[in-house]
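Trainee: The sequence isn't on hand, but the structure is:
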């Protein structure tokens, strides 16, 4: 294979990869929900923002300096019991259906979850867990009420927004 052909294949692969990893700008419906990303229980390390369009729920983790993400774990369910937990009510981030690891670390990451069976007006339970580094290494959670277990893990709720038209 010539250098020109190899270069063309590489370039076309990079273009396809960029198109696949960077979704088109979505037209978001209604209002977003934004909560603080607390690390080590009390440190404001950034935010978690949830929104949706007609096809996806978007959950964005955004850190503030000096914090950076090295892991993100996400669970979304129609009931609190739908989030993976121990029999004592402690969430299990390693069993959350959506996960990402970063090396090098990043300051922003968005999960795009198919809307699937979630409907406009439906209230969802969201457990947004992160591992951040900055002034040390800490675990973090999107702020909200605590799980029924004995740790400091938290969840919050989001109402799926309608996009106009018949629901």
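Mentor: Arrived safely. A quick note: this is a predicted structure, and the numbers were derived from the prediction, not measured.

Trainee: Please, where are all the strands along this structure?
Mentor: Using DSSP state E, the strands of the chain run over 29-39, 43-52, 56-63, 68-77, 98-106, 108-114, 123-134, 136-142, 156-159.

Trainee: tell me which residues in the longest one are buried?
Mentor: Neighbour-count burial for strand 123-134, with 16 or more other C-beta atoms under 10 Å as criterion, is recorded at 124, 125, 126, 127, 128, 129, 130, 131, 132, 133, 134. The C-beta positions use only the backbone N, C-alpha and C, and glycine is treated the same way.

Trainee: now for it, which elements pack on it?
Mentor: Contacts defined by 3 or more C-beta pairs under 8 Å, 6 or more residues apart in numbering; DSSP states H and E place strand 123-134 against strand 29-39, strand 43-52, strand 56-63, strand 68-77, strand 136-142, strand 156-159.

Trainee: Can you mark which positions in the third one are buried?
Mentor: For strand 56-63, burial by neighbour count (16+ other C-beta under 10 Å) applies to 56, 57, 58, 59, 60, 61, 62, 63.
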